[in-house]
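Visitor: model the following, please.
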Amino acid sequence: MNQVSKHRARRYFVLILLAVAIVGGCRPQPPTSIPAVPLMPAQEVDSNGETVELILHFVHEGHEQIEKRSIPATLAVARAAILELAKGFVSSKGEQKVLPPGTRLRDIAILDGIAYVDFSREFRDNHWGSLASELDTIYSVVNTLAEFKSVRAVQFLLEGSPISTIGAGAIDLTSPVRPHKVAPEFYQELNAKLTAAAGTSLPWSSWIRREERLGFREGFPDRVVAADTDGDGIDELIFTHDKRVSIWKRQAGAFQQVWERKFSSRPRTLVVPIDSGQGYNLVVGTQEGIYIFAWENGNYSQLGWQGIGGALIDLVAGDTTGTGRGQILALMGPNGRTPVKSESTSIVIWEWNGETYIMKREVEFNAFKILTADINGNGADEILAFNQNGFTVFSWQGAAYVEIGSNPGAGCEYASVTTADLTGDGQPELIIRDGQSPHIYVYTWQQGVLRKLWQGAPTEDHLGWEIFVDSWVDGYPAIISATREPGRYFVYSYIQDKWEEKLISGSGGEEVLALADVDGDGKAEVIFRRQQLLSSPTKWIYVGWPGA
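Guide: Numbering: from 1, shown residues only. You can find the predicted model right below:
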């Protein structure tokens, strides 16, 4: 393009930003990056009461609802159309939204039949997920803007930059998206393409090369936790069975029970770091109180007990103040019952002082699940509080916990949540399996906000609740996600800035319970069980060594 043409393109582009008109004779260029502004009404003109009619396409669950709305006459009619889309519509199920909460329209322009629509990061990061929801959002925007004769396709931008997807990759957003008639068959076709592109299927033996087992006469344990509780560099296995808690250790090539304790109510087990690099204490939460056990003089002994004034909802450990000393965080509800609404909950925090745990503070939190992790790399764990509205991140600021981020994308009580450094930058990512959506979500902390790093594609297998993170056999960190079919697990690895997927299938209904380094070689073994006959007198728990 010569200098005269470039000058014309810039001049026309300014006119487009003002009038959202069509300009011929210049090469299409995406809008320049400008500060984000909220979705706000388009500028009205003095039209003596004149109006303009918009045709809006609200796509929801594979069906298209077309509405006509009259608005005051405006020059920025395309911006006005996006604004009306953001308001949502009313279906037989109530009010429905097609744009994610918090989404802002940064810019919109039309060049040579292409509408360039620049949304804020919330368009991707706050999206609800699922293939259907992703298609609903994209085609609500595309089909609505295609009602203008000057638009034949829509190019999506995020914060002024190209974007490939807002979710599972159902639609390739790197190039302009053309309008499409929406029907359930179209969704099924795209879903089939995505599931067909799933990764390699491998047998269980390709993952687990050697096994040992532990026998339980009283039935399968309810829960397994693993940690180095005696400070020798080797993880012990902590089993919860009904009202009993037992610790098993691998010694001389075999597993032996080294400790057991019975409680008056069903316990909830947790391991808490003492001081940085000095091992873990065992914490057992019951409705009567919280018991702390420590390895002392060759035995496990009770280090302390903390009474609780309410119903124990969740129990986690961490270091939220950055002192290097472990903390116990108990999410509590009203006495005698688990709250129906999370507004009535609080977190009680005890901290290790070198000899025992002392209560430091009690803080009201709106949550039904909590997690601790240093997601922003400041040397202290943040508190992630989950409730029906999503999750909120709180950071200790010297005198109080202050909200530093939030996301509505995981507002389900049945979500599984964990953290791990998947990208190798030394900072953990937040990994969520939300019960409201059959996907894995990965969020990372960038530039002071949580951004969606990745969302797993839909699969033919419905995902289960359990998720684990470990180094896969090729050495890369991997997310191991259960499916609802026993013995089948998806493994997602982040390799060279690209996600790879594998499917592991076992013929014995294998169920992964935990990952633990039971032999002290620095690599995690897989703790799992297989389906057995109810009549079997002994229930076996297996420890598997992954292949090199």
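Visitor: which SSE is the residue nearest to Ala420 when sequence neighbours are not counted in?
Guide: Distance criterion Cβ to Cβ, 6 or more residues apart in numbering; nearest residue to Ala420, sequence neighbours excluded, is Val469 at 3.7 Å. C-beta: built from backbone N, CA, C; applies to glycine. For Val469, the host element (DSSP states H and E) is strand 463-471.
Visitor: for Tyr492, see how far away the residue nearest to Ala420 is.
Guide: 10 Å (Cβ to Cβ, to the nearest Å).
Visitor: tell me which of those two has more neighbours.
Guide: Neighbour count, other Cβ atoms under 10 Å: between Val469 and Tyr492, Tyr492 has more, with 24 against 20.
Visitor: need phi/psi at that one.
Guide: Main-chain dihedrals, Tyr492, degrees, to the nearest 10: phi -110, psi 120.
Visitor: okay, and the beta partners of it?
Guide: Legend: beta-bridge partners of Tyr492 under DSSP bridges are Ile479, Glu501.
Visitor: contact partners for it?
Guide: Residues in contact with Tyr492, defined by Cβ atoms under 8 Å, 6 or more residues apart in numbering, are Ile440, Gly456, Ala478, Ile479, Ser481, Trp499, Glu500, Glu501.
Visitor: any idea which of the residues you listed the model trusts least?
Guide: Lowest pLDDT of these: Gly456, 74.
Visitor: not counting its neighbours along the chain, what's nearest that one?
Guide: Ile440 (4.0 Å).
Visitor: so that neighbour sits against Val469, correct?
Guide: No - using Cβ atoms under 8 Å, Ile440 is not in contact with Val469, being 10.9 Å away.
Visitor: give me the common contacts of the two.
Guide: With Cβ under 8 Å, 6+ apart, Ile440 and Val469 have common neighbours Ile431, Ile479.
Visitor: does Asn366 belong to a helix, a strand or coil?
Guide: Applying DSSP: H, G, I helix; E, B strand; the rest coil to Asn366 yields a three-state assignment of coil.
Visitor: overlap in contacts, Val469 and Tyr492.
Guide: Going by Cβ under 8 Å, 6+ apart, residues that sit against Val469 and also against Tyr492 are Ala478, Ile479.
Visitor: ok, back up a step: any buried residues in the strand holding Val469, and which?
Guide: Leu463, Gly464, Glu466, Ile467, Phe468, Val469, Asp470, Ser471 (16 or more other Cβ atoms under 10 Å).
Visitor: and the fourth one, what does it touch?
Guide: To tie it back to what came earlier, the one meant is Ile467. Ile467 neighbours (Cβ under 8 Å, 6+ apart): Ser416, Thr418, Ile431, Arg433, Ile440, Ile479, Ile480, Ser481, Ala482.
Visitor: which helix or strand contains the third one?
Guide: Yep, that's Ile431 we're talking about. Residue-wise, Ile431 maps onto strand 429-433 under DSSP H and E.
Visitor: can I get that strand in CSV, CA atoms only?
Guide: Only the C-alpha atoms of strand 429-433 are listed here, as CSV (Å, rounded to 0.1, in the frame of the first residue of the first chain):
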residue,chain,number,x,y,z
GLU,A,429,-2.3,-22.2,38.2
LEU,A,430,-5.8,-22.6,39.5
ILE,A,431,-7.5,-25.8,38.1
ILE,A,432,-11.2,-26.2,38.4
ARG,A,433,-13.6,-29.0,37.4
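Visitor: direction included, what does the next helix-or-strand element following that strand pair against?
Guide: With elements assigned by DSSP H and E, the helix or strand that comes after strand 429-433 is strand 440-446. Under the criterion DSSP bridges, strand 440-446 sits next to strand 429-433 (antiparallel), strand 449-455 (antiparallel) in its sheet.
Visitor: as CSV, the contacts of Tyr492 with neighbour count and distance to Ile541 would be great.
Guide: Formatted as CSV, those follow (neighbours: other Cβ atoms under 10 Å; distance: Cβ to Cβ, whole Å):
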residue, neighbour count, distance to Ile541
Ile440, 23, 26
Gly456, 24, 29
Ala478, 24, 23
Ile479, 26, 23
Ser481, 27, 21
Trp499, 19, 32
Glu500, 16, 30
Glu501, 18, 28
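Visitor: now do the strands in the stretch 51-200 of the chain.
Guide: In the stretch 51-200 of the chain, the strands defined using DSSP state E, counting those that start in this stretch lie at 51-60, 63-72, 89-91, 94-96, 105-111, 114-119, 153-158, 161-162, 200-203.
Visitor: distance of Ser507 from Glu501?
Guide: Taking Cβ to Cβ, one finds Ser507 at 21 Å from Glu501.
Visitor: please apply the same query to Ile55.
Guide: For Ile55, the distance to Glu501 - Cβ to Cβ - is 40 Å.
Visitor: with Gly354 instead?
Guide: 46 Å.
Visitor: picking up where we left off before, could you pull up the mean pLDDT of the strand holding Val469?
Guide: Per-residue scores along strand 463-471 average to 81.
Visitor: only alpha carbons, please: show it as CSV.
Guide: Taking C-alpha atoms only, strand 463-471 is exported to CSV below (Å, rounded to 0.1, in the frame of the first residue of the first chain):
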residue,chain,number,x,y,z
LEU,A,463,-15.9,-36.1,33.5
GLY,A,464,-16.0,-37.2,37.1
TRP,A,465,-15.3,-35.0,40.1
GLU,A,466,-11.7,-36.0,40.9
ILE,A,467,-8.7,-34.1,39.5
PHE,A,468,-5.0,-34.7,40.3
VAL,A,469,-1.8,-33.1,39.1
ASP,A,470,1.5,-34.8,38.6
SER,A,471,4.5,-35.0,36.2
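Visitor: next, the angle strand 429-433 makes with that strand.
Guide: 150 degrees (axes from the mean of the first three to the mean of the last three Cα atoms, to 10 degrees).
Visitor: going forward, count from 67.
Guide: With the count now opening at 67, the last piece we talked about shows up as strand 529-537.
Visitor: bridging residues for Thr306?
Guide: Beta-bridge partners, per DSSP bridges, of Thr306: Arg289, Val311.
Visitor: isn't it right up against Phe329?
Guide: No - Thr306 lies out of contact with Phe329 (Cβ under 8 Å); the separation is 9.7 Å.
Visitor: got the domain ranges for this protein?
Guide: Per automatic domain parsing, the structural domains of the chain span 69-258, 266-612.
Visitor: lowest mean pLDDT across the ones you listed, which one is that?
Guide: Among the domains of the chain, domain 69-258 scores lowest, at a mean of 77.
Visitor: good, we can wrap up now.
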